[in-house]
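Engineer: 3D model of this:
(2 chains)
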Amino acid sequence: MTGAARIRLAVWAVLIITIALDAHPAWSQLGPFGGPRPPAIGGVAGWVLAEQAVFYRALSGSIRLAKSDGSALWTLMGISFVYGIFHAAGPGHGKAVISSYLFANDETWRRGVTLSFASAVMQSLTAILIVGVGAVLLGATAKLMGDTVKDIDIVSYGLIVLLGARLLWVKGYGFFGALNKLGTDSASRAAGLERHAHNDTNCHHHHDRDHAHGFRCDKVHHADDVSQHDDRHCHDHHDGEELDVLPWGHAHGPEPEELAGPGGWHRGLSALVAVGLRPCSGAIIVLVFALAQGLFWAGVASTFVMGLGTAITVGTIATLAVSAKALAKRVAHKPTGYGGLVVRGVEFGAAGLVFAFGILLLTGYMASERMGLF
Amino acid sequence: MHHIRARHWIGILLSLLAYAGVTTGAAEAHPHVWVTMTTELLYAPDGSVTGVRHAWTFDDMFSAYATMGIPAATKGHFTREELRPLAQVNVDSLKEYAYFTYAWINGRREKKAFNDPVDYWLDYDPGKTVLTLHFTLPFKAPVPGKQLRIEVYDPEFFIDFQFADQNPVKLVGAPALCAVWTDKPHDDNFLTAQSLNRSFIPSEANVGMGMSFANKIMVQCP
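Structural biologist: Prediction:
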């Protein structure tokens, strides 16, 4: 790593930490247990919450106004967009699951951002479908609709558990495999074997620079092969491709052909469905209100614009997760192999988080969204 | 044997922190229901408090959501009778959330201070298109009225409770010279109110998001 690259990395690290801390008011406001409670919620969270209330009211106001004044529709779209951005800055398991998923896997930021947008679109579609079929066609009551959303929740949370379980299996395999490998590797080193030369030939890899290979790629790749079908093998990397092959034998970096290629989306699809299935309560309420005002289509447009705003926030968070992961990997990118092991462990941990989110949501210990009094 | 340099660890740690910051942002909250409330404290002739009577007015969007699919004889006008089943659903599901009403009795926060609600109904205002839920929470046993503190909030903050601007709290049948303080988190005078009630607050580890938004009523009677 050159000196300039190190500085760039350091700047990135500081940026990410700052943003992360700022985005998390609890860290700056947490009082000691049993100590005096924090006073009014201030800072970023208080501002976000206050703004949400303002926008929420402006939202209903502009829908009302649109009945008599068509130009209010533009106001409605503007408000919906900003509300979507703020809304996603609040809680939501989607954000947590997507960023953990991205952290556990080696995903490109493009994939992360696309996943965020796709899940936001899907959430909008489910909300429109539920209100369209439930309220418009069937004349359902709020209780019936709330119960339907609850059922969808359970399916969605169940999918998150499955996604987490699969990730745990995959990443556990990689982590414990690397752990074993490290043991044998150290033993070999003690025996005076020079591994590095072997690695490059094993992989048919001719990227020099500072890529060091602590493990034998073929063996390590075996782990990924079992788990993720579209992970490439070392010998698939032909010249011309810009790849970083890290000690744990994983390829990363934006590769458009991989993103677009057949099978490239299979990995993300499970995360997309698990997260996107659950409609946003806010969108459902706005849709029903628009329907009551006789402006259902304005509600539909508002829902999509809101989804766009949400996607921007979640996409930013996804980018942060991908950057943090890339940072961890680059910092750990050392010939010792321990760094690789740590990253494997971190991936395993992130997989565990996805699983834990799913279990907590499914058992009701973690509330994602609640419609209120039904 | 190679050793890991401190720099690796610091880098990894920083990345982890950043990651954790991103994912645990879930601690924040966003309400979907706004409630404007007025509350009455009901006193017995002996000066004890027998119950809490709430009137909660929901925002117009939630009111539209709550009333959808309910048949009304006159479109856009719901009678108390037509809303009776909905009121029942409201009251039944509020039980799970302890009616979002917490009483501090003798300096302790009682989780189950109330019996099931009585005298509950819903009113609909066709002009403002908003629903108001009325219900009374009787204390399981009358509570000494000398010093009482009631808090109304949703710990998960999916519902944003706010006192009405005008006369948010009424004491019904209270002895003379009782003093009432309300503490509104949305109020500019919040800090003053905060210092005022400090003596009331025993330490409590349960610090939740919604709690910072608690609407507090404090009453002191002679």
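Engineer: shouldn't B:Phe58 be in contact with B:His32?
Structural biologist: No - using Cβ atoms under 8 Å, B:Phe58 makes no contact with B:His32, being 10.8 Å away. C-beta here means a position set from N, CA and C on the backbone, and glycine is covered the same way.
Engineer: number of nearby residues for B:Arg149?
Structural biologist: For B:Arg149, the neighbour count with other Cβ atoms under 10 Å in any protein chain shown is 20.
Engineer: just checking, what packs against the helix or strand it falls within?
Structural biologist: Assigned by DSSP states H and E, B:Arg149 belongs to strand B:147-152. Contact here means 3 or more Cβ pairs under 8 Å, 6 or more residues apart in numbering or on different chains; DSSP states H and E; on that basis strand B:147-152 packs against strand B:33-43, strand B:49-58, strand B:101-105, strand B:215-220.
Engineer: burial measure for A:Trp74, as a count.
Structural biologist: Neighbours around A:Trp74, by other Cβ under 10 Å: 11.
Engineer: need the pLDDT of it.
Structural biologist: Note on A:Trp74: pLDDT of 91.
Engineer: next, the buried residues of stretch A:288-299.
Structural biologist: A:Val288, A:Phe289, A:Ala290, A:Leu291, A:Ala292, A:Gln293, A:Leu295, A:Phe296, A:Ala298, A:Gly299 (16 or more other Cβ atoms under 10 Å in any protein chain shown).
Engineer: what's the helix or strand for the last one?
Structural biologist: Of the helices and strands defined by DSSP H and E, A:Gly299 is found in helix A:296-332.
Engineer: is that helix anywhere near chain B?
Structural biologist: Yes - Helix A:296-332 is in contact with chain B by Cβ under 8 Å from any Cβ of the partner chain, via A:Ile317, A:Leu320, A:Ala321, A:Ser323, A:Ala324, A:Lys325, A:Leu327, A:Ala328, A:Val331, A:Ala332.
Engineer: for those, point out the one with the lowest pLDDT.
Structural biologist: Lowest pLDDT of those: A:Ala332, 70.
Engineer: how far away is that one from A:Val343?
Structural biologist: To A:Val343, A:Ala332 is 5 Å away according to Cβ to Cβ, to the nearest Å.
Engineer: next one: A:Ala328
Structural biologist: 6 Å.
Engineer: repeat for B:Gly107
Structural biologist: 51 Å.
Engineer: which one's more surrounded, the two?
Structural biologist: Neighbour comparison, B:Gly107 and A:Val343: the larger count goes to A:Val343, with 27 against 11 (by other Cβ under 10 Å).
Engineer: so which helix or strand takes in that one?
Structural biologist: helix A:338-362.
Engineer: quick one: contacts for A:Phe296?
Structural biologist: Counting by Cβ atoms under 8 Å, 6 or more residues apart in numbering or on different chains, A:Phe296 makes contact with A:Val136, A:Leu287, A:Ala290.
Engineer: actually A:Phe81, sorry about that
Structural biologist: Counting by Cβ under 8 Å, 6+ apart, A:Phe81 has contacts A:Val305, A:Met306, A:Leu308, A:Gly309.
Engineer: please redo it, this time with the cut-off set to 10 Å
Structural biologist: By Cβ atoms under 10 Å, 6 or more residues apart in numbering or on different chains, the residues touching A:Phe81 are A:Phe55, A:Ser302, A:Val305, A:Met306, A:Gly307, A:Leu308, A:Gly309, A:Thr310, A:Ile312.
Engineer: repeat that for B:Lys128.
Structural biologist: B:Lys128 is in contact with B:Thr57, B:Asp59, B:Asp60, B:Ser63, counting by Cβ under 10 Å, 6+ apart.
Engineer: quick one: the strands in the chain, in order.
Structural biologist: Using chain A. A:244-245, A:251-252 (DSSP state E).
Engineer: let me rephrase: I mean chain B.
Structural biologist: Using DSSP E, strands in chain B cover B:33-43, B:49-58, B:101-105, B:108-110, B:118-125, B:130-143, B:147-152, B:159-163, B:169-172, B:179-183, B:215-220.
Engineer: might you list the low-confidence residue ranges for chain B?
Structural biologist: B:1-30, B:185-213 (pLDDT under 70).
Engineer: go again using 90 as the cut-off
Structural biologist: Scanning chain B for pLDDT under 90 picks out B:1-33, B:75-76, B:96-97, B:104-112, B:144-147, B:153-160, B:162, B:165-167, B:174-216, B:218-222.
Engineer: quick revisit: winner for burial among the strands of chain B?
Structural biologist: strand B:159-163 (a mean of 23; mean count of other Cβ atoms under 10 Å in any protein chain shown).
Engineer: what's the angle between that strand and strand B:147-152?
Structural biologist: 140 degrees (axes from the mean of the first three to the mean of the last three Cα atoms, to 10 degrees).
Engineer: check whether strand B:159-163 contacts chain A.
Structural biologist: Yes - against chain A, strand B:159-163 shows contacts by Cβ under 10 Å from any Cβ of the partner chain at B:Ile159, B:Asp160, B:Gln162.
Engineer: helices and strands around that strand, which ones?
Structural biologist: Other elements packing on strand B:159-163 under the criterion 3 or more Cβ pairs under 10 Å, 6 or more residues apart in numbering or on different chains; DSSP states H and E are helix A:43-66, strand B:33-43, strand B:49-58, strand B:147-152, strand B:215-220.
Engineer: check the offset of that strand from the chain's centre.
Structural biologist: 6 Å (Cα atoms, centre = their mean, to the nearest Å).
Engineer: just checking: what are the partner strands of it?
Structural biologist: strand B:33-43 (parallel) (DSSP bridges).
Engineer: pull the CA atoms of the strand it pairs with into PDB?
Structural biologist: The C-alpha coordinates for strand B:33-43 follow below in PDB (Å, rounded to 0.1, in the frame of the first residue of the first chain):
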ATOM      1  CA  VAL B  33     -49.900   7.800  14.900                       C
ATOM      2  CA  TRP B  34     -50.200  11.100  16.500                       C
ATOM      3  CA  VAL B  35     -52.400  11.500  19.500                       C
ATOM      4  CA  THR B  36     -53.500  14.800  21.100                       C
ATOM      5  CA  MET B  37     -54.800  14.100  24.600                       C
ATOM      6  CA  THR B  38     -56.600  15.500  27.600                       C
ATOM      7  CA  THR B  39     -56.500  13.700  30.900                       C
ATOM      8  CA  GLU B  40     -58.700  13.800  34.000                       C
ATOM      9  CA  LEU B  41     -57.700  12.500  37.400                       C
ATOM     10  CA  LEU B  42     -60.700  11.300  39.300                       C
ATOM     11  CA  TYR B  43     -60.700  11.800  43.100                       C
END
